[in-house]
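Q: got a predicted structure plus its sequence, pasted below:
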Amino acid sequence: MLTLTNLGKSYRTSEIETRALDAISLEVAAGEFLAIMGPSGCGKSTLLNILGCLDRASDGSYRLMGEEVAHVSEAKLTQLRRAHIGFVFQSFNLIDDLTVAENVEVALLYRQDGGSRKARIAEALERVGMAHRARHRPRQLSGGQQQRVAIARALVSNPKLILADEPTGNLDTANGKAVMDLLNGISGAGATIIMVTHSPAHAAVARRTVRMLDGRIVSETQV
Amino acid sequence: MFRDPWVTAFRSLMNGKFHAALTIAGLAIGFAAALLLSLYVRDELGYDGTFPADVYRVSSAVTMPGGATVVFDGTDYALAAGMKMDVPQIQAIARMMPQDWTVRHDQVEANETVYWADPQLFSVLPMRVLAGDLGAALDAPNSVVLTRAMARKYFGTDAPVGQTLRFNRTHVMRVTAVVQDLPSNTHLVAGIFASGRTPFSNLAEMDARPAGFHFDGSTYTYFRLRPGATPAAVRAALPDLVVSRLLIPKQNAFGVAVTLSVLSVRDIHFAPAGINAMKAPGSAATVGAAATVALLILAGACVNFINLATARASRRALEVGVRKAAGAGRGTLALQFIAEAVLQVGAGMAVALAVVEQLLPDFNAFLQRDIGFPYWRPDMAAVLLLVVLTVSLLAGAYPALVLSSLRPVEALRGESGHLDARWLDGGRLRRILVVVQFAILTGLMIASAVIWRQTQFAAGSAARLASRNMVLVSAPCTDGLRDGLARLPGVREVVCSQPTMISSEDTVEMMETSPTDIRSLHTLSVDAGFLEAYGLTPLAGRLFDRAHGDVAAPPPDGGPQTVRMVINETALRDLGLHDPGKAIGLRLQASAARGQRFFTIIGVVPDFPTGSVRVPVAPVAYIADPSRFGMLSARVTPGRMAEALAGIADVWMAAGQPGLPRTLPLSLYAANLYRDLWREGVLFTLATGVALAIACIGLFGMAAFLAERRTKEIGIRKAMGATTGQVAALLLRQFLTPVLWANLLAWPVVWWLMRHWLAGFAAHVPLSFWLFLAGGAVTLVVTLATVAGQGILVARRPPVAALRYE
Ligand SMILES: Nc1ncnc2c1ncn2[C@@H]1O[C@H](COP(=O)(O)OP(=O)(O)OP(=O)(O)O)[C@@H](O)[C@H]1O
Ligand SMILES: [Mg+2]
């Protein structure tokens, strides 16, 4: 699915240079469910953003589905995101002015494939158990419900790669478990999932866990 | 406790420097423009305010059968003396009669209009004296009173009392007093007042005439009432005065009716002007429009303020939450926001005052006024302060109310995103305000386009006049003068005519198409070749020709005469005729001399407008009566005007004409005709520019803050695969809808207003639909240009940056 070789990311702010990622090499096969763990500030979100084509690496190589991504244009990155990737954020990131269904639709809005959008949105909401709330606004939902809508948005376009940055970070145990069950189900259906989490229990749901420290991968466990 | 809101307000402004700069700039521009317009309106409304309110002027209207009414700003010279005797309510009455003289002292010599006046003039029209005794200044013959500007012009000093001037290089006149210059906002245009007891003055000459049936409207007559008297009593006495003092019976052989009226000097400016008005009258419509535009600009600035404040408000929600959590009450917070508004509005006003002070000299030069701006004077300062407070409250109340009413839990819920729904209400108000602002803008744009087109139209008609390349010379049409001028190098031809164009005289004659149907036509006496020189060709018949014996004065014994006339198209219509060909040969009876004087039509020419586009072309009958000539038109080869003018001076002297030559290039005359319209055009275009600038500042700020508010949404959309172009389009779209609504709102209003405005012109451009489309298109383009840069900048930011934004 994707291969990272000696990937690095530096942030330059005035005089200080922060090395957020350093010599990351990682291979993820199609259909894998990978968890990334590590202390705050170790570069997990940075890595996920690069994997999701939201940001660019400073050095090294990133091959997504056989294609080198490190130096492609902004437009190409947009195209890759559109074609292959779904996102779930810790802070849900739903648009407040839109309804639940419309929020899910945003993921389909910028694709040309057309088709029966309504049916796909309904199906996605069905899968996360939020079909009955399609017409509500995000702020009328609880945090767990909002995150389930966000997951519906991530999977409605059938992406091959789903990236989740602390999807359970803002949720209580019960809601966190529900979200993990959902992700597990999606993984079972064939999608590749990469998830950042601070919870060992949630990491255990994934079959492979990568631990990071100060921008490097320090260990890996495979179940 | 009292200090705190101000300190907090100040800090908060400092934190949002960009926002504050935009807000203050918008307010300053708006205030400055509104102030200038208000100063103009105040100047107009304060016309003749330096004279007491109980000073009145007598004017007259002479109506002839067949409709023509000629209005004079004066009355007959014989009225004043009788009026003083017959109307006890009048305390003092004084006359002024203008006459052109060449005035000289030492090397300084120029043509001036001298106002011959009764000695008591200054007790009726009080003026501030700088030197001499005004009470007795005009008592002695040959005495003159100068304004300070005139004193400086001829003597180089402010108090040349006792020194002398020469009129037409012969009469010696003694300066007895100097008065302060008249303000620009008075109906009087005078610099030299001279004693009417001077034997050679036209006033004295008129007074020496025997009494009898006559009417001459050229004497300006002013009076003051006794304390406690009302003008109504004077008005009631007027009809009898016409009979008893002017000796014009109610039923007279000529069918003319003279109506007298009195007008407070302070009302003169906006009253319809007579043909001998010293100054073009004010236009209530223009003053009203200027006041309206000032208010609209002020409203635009307020809308801007509200928009910018609410756009920024969502950013400040957290601050409100924290302050409320820390125990701040609603009142305290509202006070803080109002205080912020007062500081910003005050700063805007301060900048505006500086700007106005800078611009005032140019503004005055443009309007030819001497408008002052004593903003430090208590009354003016109080008004300005009131404006600052009113605007602060109007514009600051809404943001203050909404922000201070936020519940702390909502304000503190971490993500500003949660508040956005709540701000939707603010968003709706803001959208309405934006629509209103754009409607004002579009409206102003269309209005100034219409005004500008009408100005161009008038300029075109003026240019047609000017293209004749004439110079008008005011003098009796003697052979010596005419031939001398014709021989000048650069002069192509010289033609004589009655001086109607450059004087206030006008002759109207009554003609009868049948014994019961009387028509009044303006008669203008022209020499053979005059109509050709002005480029007129007959539609039917022929023009005057000496060989045909067309040019003839009335017989000296008053015997029968048939006057040949060439009429214009309007006169043709007035006579009830339509086919120019059928009019030729028609013989009409002159009502004034039945059985003696007849008119026959020998030709018909197209209308030739020589007046302002405001007034309709009059029905004119051109006749060729040399006894009425008093002006020469010299047609000059293009490019040789200066040469010709210099030559005219020599010919003038050689022909024995007194003083300096009285010349007026036709181009100057034409330019004067549409100067006021041109000023209106410039004023409105500038005002539109200001409104546009304010709207752009507001748009720019709002686009920035709305884009910021939507940062998270932009990030999400980009993460979902939206391209830069799609996001930019999304951001632009929110400004297109208000522009469309604004046009729908503005079009009917502007259409209605401009139709009325154009109706004030006898000849005007059509109110074309494409102007409205263009107005809308310009608003649209300006809007897109203002917000596009920002939209694209924001849309291009990498999505991580957007998503990280909290
Ligand atoms: N735009 C930026 N500019 C400068 N430094 C940055 C930027 N973004 C991230 N960093 C730095 O890069 C490092 C990694 O940040 P990152 O957000 O990836 O951490 P994280 O592992 O996701 O932490 P957390 O668990 O708290 O979310 C941090 O030291 C952070 O300060
Ligand atoms: Mg993180």
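A: That came in fine, so what should we check first? Residues are numbered from 1 along each chain as shown, chains lettered A, B, ... in the order given. Ligands and ions are numbered 1, 2, ... in the order given.

Q: part of a helix, is B:Asn111?
A: No. Looking at B:Asn111 with DSSP: H, G, I helix; E, B strand; the rest coil, it is strand, so not inside a helix.

Q: residue 63: neighbour count?
A: Went with chain A since none was named. For A:Arg63, the neighbour count with other CB atoms under 10 Å in any protein chain shown is 15. To be clear about C-beta, it is placed using only N, CA and C from the backbone, and glycine gets the same treatment.

Q: you looked at the wrong chain, it should be chain B
A: Considering only other CB under 10 Å, B:Thr63 is surrounded by 17 other residues.

Q: beta partners for it?
A: Beta-bridge pairing for B:Thr63 (DSSP bridges): B:Thr69, B:Ala257.

Q: which is the next helix or strand following the helix or strand where A:Leu183 lies?
A: In this structure, A:Leu183 sits in helix A:173-188 according to DSSP states H and E. Sequence order places strand A:192-196 as the next helix or strand after helix A:173-188, per DSSP H and E.

Q: can you list contacts of the helix or strand bottoming out on mean pLDDT in chain A?
A: Sorting the helices and strands of chain A by mean pLDDT, DSSP states H and E puts helix A:74-84 at the bottom, at a mean of 82. With CB atoms under 8 Å, 6 or more residues apart in numbering or on different chains as the test, helix A:74-84 has contacts from A:52-54, A:56, A:64-65, A:67, A:69, A:72, A:110-111, A:159-161, B:718-724, B:798.

Q: restricted to strands, list those.
A: Among these, the members falling in strands (DSSP state E) are A:Leu64, A:Glu67, A:Leu161.

Q: what's the distance between the second one and ligand 1?
A: Here A:Glu67 is placed at a distance of 24 Å from ligand 1 (CB to the nearest ligand atom, to the nearest Å).

Q: likewise for the last one?
A: Distance from A:Leu161 to ligand 1, counting by CB to the nearest ligand atom: 18 Å.

Q: one step back: in the helix holding A:Leu183, what counts as buried?
A: A:Asn175, A:Gly176, A:Lys177, A:Ala178, A:Val179, A:Met180, A:Leu182, A:Leu183, A:Ile186, A:Ser187 (16 or more other CB atoms under 10 Å in any protein chain shown).

Q: doesn't B:Ser497 make contact with B:Thr610?
A: No. Using CB atoms under 8 Å as the test, B:Thr610 is too far from B:Ser497 to be in contact (10.9 Å).

Q: can you get me a residue count around the residue in the stretch 51-200 of chain B that ligand 1 sits nearest to?
A: Proximity of the stretch 51-200 of chain B to ligand 1 (CB to the nearest ligand atom) peaks at B:Ser184, 64.2 Å away. Using other CB under 10 Å, B:Ser184 is surrounded by 15 other residues.

Q: swap in B:Thr186?
A: Neighbours around B:Thr186, by other CB under 10 Å: 21.

Q: chain neighbours aside, what residue packs nearest to it?
A: The shortest distance from B:Thr186 to any non-neighbouring residue, by CB to CB, 6 or more residues apart in numbering or on different chains, is to B:Asp48 (5.0 Å).

Q: can you pull out the strands in chain A?
A: Under DSSP E, chain A gives strands at A:2-13, A:16-28, A:33-37, A:59-64, A:67-68, A:85-88, A:161-165, A:192-196, A:208-213, A:216-222.

Q: in JSON lines: those strands, plus mean pLDDT.
A: Output for the strands of chain A, formatted as JSON lines (pLDDT from 0 to 100):
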{"stretch": "strand A:2-13", "mean pLDDT": "89"}
{"stretch": "strand A:16-28", "mean pLDDT": "90"}
{"stretch": "strand A:33-37", "mean pLDDT": "94"}
{"stretch": "strand A:59-64", "mean pLDDT": "92"}
{"stretch": "strand A:67-68", "mean pLDDT": "88"}
{"stretch": "strand A:85-88", "mean pLDDT": "87"}
{"stretch": "strand A:161-165", "mean pLDDT": "91"}
{"stretch": "strand A:192-196", "mean pLDDT": "94"}
{"stretch": "strand A:208-213", "mean pLDDT": "94"}
{"stretch": "strand A:216-222", "mean pLDDT": "89"}
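
Q: right, and these - which one's nearest chain B?
A: Of all these, strand A:85-88 sits nearest to chain B, with 5.3 Å by CB to the nearest CB.

Q: any idea how far that closest one is from the chain center?
A: Relative to its parent chain, strand A:85-88 has a centroid offset of 4 Å by CA atoms, centre = their mean, to the nearest Å.

Q: spatially nearest residue to the residue nearest to the spatial centre of chain A (excluding sequence neighbours)?
A: In chain A, the centroid-proximal residue (CA atoms, centre = their mean) is A:Leu163; its distance is 1.5 Å. Ranked by CB to CB, 6+ apart and with sequence neighbours excluded, the top spatial neighbour of A:Leu163 is A:Gly52, at 4.7 Å.

Q: can you pull the contacts of that neighbour?
A: A:Gly52 neighbours (CB under 8 Å, 6+ apart): A:Arg81, A:Ile85, A:Phe87, A:Leu161, A:Leu163, B:Ala719.

Q: helices and strands around the helix holding A:Leu183, which ones?
A: Secondary-structure packing of helix A:173-188 (3 or more CB pairs under 8 Å, 6 or more residues apart in numbering or on different chains; DSSP states H and E): strand A:33-37, helix A:143-155, strand A:161-165, strand A:192-196, helix A:200-205.

Q: kindly recompute the last result at 7 Å.
A: helix A:143-155, strand A:192-196, helix A:200-205 (3 or more CB pairs under 7 Å, 6 or more residues apart in numbering or on different chains; DSSP states H and E).

Q: is it possible to get a markdown table of these that adds mean neighbour count?
A: Below are the helices and strands packed on helix A:173-188 laid out as a markdown table (neighbours: other CB atoms under 10 Å in any protein chain shown):
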| stretch | mean neighbour count |
| --- | --- |
| helix A:143-155 | 24 |
| strand A:192-196 | 24 |
| helix A:200-205 | 16 |
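
Q: in TSV: those, plus distance to ligand 1.
A: Output for the helices and strands packed on helix A:173-188, formatted as TSV (distance: least, CB to the nearest ligand atom, whole Å):
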stretch	distance to ligand 1
helix A:143-155	16
strand A:192-196	7
helix A:200-205	13
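
Q: relative to B:Val604, which of the ones you listed is closest?
A: helix A:143-155 (83.7 Å; CB to CB).

Q: what is the burial count for B:Arg679?
A: That count, for B:Arg679 with other CB under 10 Å as the rule, works out to 15.

Q: swap that for B:His578, please
A: 10.

Q: contact partners of stretch B:620-627?
A: Here stretch B:620-627 makes contact (CB atoms under 7 Å, 6 or more residues apart in numbering or on different chains) with B:521-528, B:531, B:544, B:550-554, B:563-568, B:571, B:599.

Q: that'll do, ta.
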